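>>> structure, please.
(2 chains)
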Amino acid sequence: MALSKRRRTQVLRVVQYVVLVAVVVALALLIDWQQVRRGFLDADAAARLFPGVILTGLKNTVIYAALGFAVGLALGLVLALMRMSSVGPYRWLATAYIEFFRGVPALLVFIAFGFGVPLAFQLRFDTYSTVALSLGLVGAAYMAETIRAGIQAVPKGQVEAARSLGMPAGMALFTIVIPQAFRIILPPLTNELILLTKDSSLVYLLGVARDEYELTKIGREALNVSPNLTPILVAGLCYLIITIPLSQLSRYLERRTGGKRISSPESAGLEVKA
Amino acid sequence: MSVLVEISDLRKSFGPLQVLRGIDLTVSRGEVVCVIGPSGSGKSTLLRCVNLLEEPTSGRVVVGGVELTDPDVDIDAARRRIGMVFQQFNLFSHLSVLDNLTIAQRKVLRRGRAEAERVARENLARVGLAEKVDAMPGQLSGGQQQRVAIARSLSMAPELMLFDEPTSALDPELVGDVLGVMRQLADDGMTMMVVTHEMQFAREVADRVLFMDGGVIVEQGPADQVIGAPRHERTRTFLARVLDPTHHGPGDPAS
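Predicted coordinates for the structure are as follows:
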């Protein structure tokens, strides 16, 4: 067989497509479409979910995710700065925090904030505060590491230039370094927002009022009166309405910042020491 | 001529490595001092100690009557009067050229927007880049970025300008524009300390040339003397390598 390398690649490509099509066809034949239609695609059951699934579920999911992200971003920034601090106890505290909240399932944090903290401190948060704090505390641990990486990716020369213009350290950090760091980490931060959107489904653990339901809770409640699983499908599709545009945004930002990003190389400071 | 920079017994170590081993130097107002020497001789570290980007291990640095090495000095106030130009330009890459020139004026000197922009445009015109006011740094050539960086420093109206190998990162054909701006600045009477490998520039513009090696000033004097007729063997070896690099192989005894 004296196939040229190019020819061999072409043949291999065709084989791959054939296999792919075969798998799809096999799956389509194996699935009992009758059952699926009855189990998931019940138009009447789906119609009964509206408009609540949008006006309450989608709305609250977006609100919970946004609140959690805001708390997480603010706390994450503080933690990132603490981790890079020259003060030992700040670093230890931040490291301990990050290790703890990254290692513990978000589910447990929700239970702690929904039931544990109110018991321990004799104070009762409303649902929105509970969710914002739970999601925020977990998100902050992840975001802190992302933010720290972003800050460290900004060339050292940027700080030196700012300081040599007479800017105090804090001003240089907030006007020069952090804006550039956030440009670098926009794509991973968008990912974090998507994760929080999905984690907001943990609200189902808390006893919440009907107008505080988010998508998963609405889907599960509807299951009680639905003869089939259609509500779950509808809820799932609603998540995609939120997350797919966010993914697109993330990809767009990645392209934009990746293409246009101007990296000035490491400053002369290091080679002086060489 | 009054003294602007006074450095006495300046020492700097990075761990066990002694980079500066007792530097004494005074620079008068309006003087242009070029610092030359092999890499690792401590010349960039010396410059970076003048605005305390590097913290000296010991010794005194006084600029305009203010002792920068005093632990209680307001270092930010002191740095406002000292401009610095870096090898890698270090323009703020997220800001337009105009914002690069106005941000410190506005936030540090608390100038109003209109005044800051007027000063910025003046200084951009001074470096020949008035039309680049709205460009982003990444859209400029290296030579243009370095001229913007010079204009950024000048916008703070410094008394002293430090240049740390300002043309070393540039393509050869872009070096001339930057040196031209620096020559103009020198003619206008700016006090300048320039770490450079551009011997022609040092010869034509410097009032005084310092040759550094091994963390000390080996010799100094007028450019014609230090570059034209060096007294020390180390200076001669260095200059021979820089001015005539192809005639010195790796087996050179002085290396």
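>>> okay, CA-based contacts and neighbour counts for the rest of this
OK.
>>> which stretches of the stretch 1-150 of chain A aren't confidently modelled?
For the stretch 1-150 of chain A, the stretches with pLDDT under 70 are A:1.
>>> pull the longest helix from the chain.
In the absence of a named chain, chain A is used. Counting residues, the longest helix in chain A under DSSP state H turns out to be helix A:230-260.
>>> you looked at the wrong chain, it should be chain B
Longest helix in chain B, counting by DSSP H: helix B:172-187.
>>> quick one: list the elements packing against that one.
helix B:142-154, helix B:199-205 (3 or more Cα pairs under 8 Å, 6 or more residues apart in numbering or on different chains; DSSP states H and E).
>>> can you do 10 Å?
For helix B:172-187, the elements it packs on are strand B:32-36, helix B:113-126, helix B:142-154, strand B:160-164, strand B:191-195, helix B:199-205, judged by 3 or more Cα pairs under 10 Å, 6 or more residues apart in numbering or on different chains; DSSP states H and E.
>>> can I get the ones you listed in a markdown table with mean neighbour count and mean pLDDT?
Formatted as a markdown table, the helices and strands packed on helix B:172-187 follow (neighbours: other Cα atoms under 10 Å in any protein chain shown; pLDDT from 0 to 100):
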| stretch | mean neighbour count | mean pLDDT |
| --- | --- | --- |
| strand B:32-36 | 27 | 97 |
| helix B:113-126 | 19 | 97 |
| helix B:142-154 | 27 | 97 |
| strand B:160-164 | 24 | 97 |
| strand B:191-195 | 25 | 97 |
| helix B:199-205 | 17 | 94 |
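>>> figure out which of these is closest to chain A.
helix B:142-154 (7.0 Å; Cα to the nearest Cα).
>>> look at the residue in the stretch 101-250 of chain A that chain B sits nearest to and tell me its secondary structure.
Across the stretch 101-250 of chain A, no residue is closer to chain B than A:G166, which sits at 4.5 Å (Cα to the nearest Cα). Secondary structure for A:G166, judged by DSSP: H, G, I helix; E, B strand; the rest coil, is coil.
>>> redo the helices and strands packed on helix B:172-187 as TSV? Include distance to A:P187.
Below are the helices and strands packed on helix B:172-187 laid out as TSV (distance: least, Cα to Cα, whole Å):
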stretch	distance to A:P187
strand B:32-36	45
helix B:113-126	33
helix B:142-154	28
strand B:160-164	36
strand B:191-195	40
helix B:199-205	46
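>>> which one of those lies nearest to B:G215?
Nearest to B:G215 among those is strand B:32-36; the distance by Cα to Cα comes to 12.0 Å.
>>> quick one, that closest one and strand B:191-195 angle?
Angle, strand B:32-36 to strand B:191-195, by axes from the mean of the first three to the mean of the last three Cα atoms, to 10 degrees: 10 degrees.
>>> how about the helix or strand just after strand B:32-36 and chain A, touching?
Downstream of strand B:32-36, the next assigned helix or strand under DSSP states H and E is helix B:43-50. Yes. Applying Cα under 10 Å from any Cα of the partner chain, one finds helix B:43-50 in contact with chain A at B:K43, B:S44, B:T45, B:L46, B:R48.
>>> buried residues in stretch A:48-68?
For stretch A:48-68, a neighbour-count test (16 or more other Cα atoms under 10 Å in any protein chain shown) marks A:49, A:52-54, A:56-68 as buried.
>>> so what would you say the end-to-end distance of it is?
This stretch, stretch A:48-68, spans 30 Å end to end (Cα to Cα, to the nearest Å).
>>> give me the distance from it to the chain's centre.
17 Å (Cα atoms, centre = their mean, to the nearest Å).
>>> what of stretch A:166-185?
24 Å.
>>> now the end-to-end length of it.
Termini of stretch A:166-185 sit 28 Å apart (Cα to Cα).
>>> so which bits of that stretch are buried?
So stretch A:166-185, judged by 16+ other Cα under 10 Å, has buried residues A:166-168, A:171-173, A:175-185.
>>> show me those that map onto strands.
Assigned to strands by DSSP state E, none of the buried residues of stretch A:166-185 qualify.
>>> and B:M84, its phi and psi?
With angles defined as degrees, to the nearest 10, B:M84 sits at phi -140, psi 140.
>>> tell me, how many residues neighbour it?
B:M84: 31 surrounding residues under other Cα atoms under 10 Å in any protein chain shown.
>>> give me the neighbour count for residue 94.
The chain I'm using is chain A. Neighbour number of A:A94 under other Cα under 10 Å is 22.
>>> oops, I was thinking of chain B
Neighbours of B:H94 (other Cα under 10 Å): 18.
>>> right, is stretch A:66-86 up against chain B?
No. Judged by Cα under 10 Å from any Cα, stretch A:66-86 stays clear of chain B, getting no closer than 16.2 Å.
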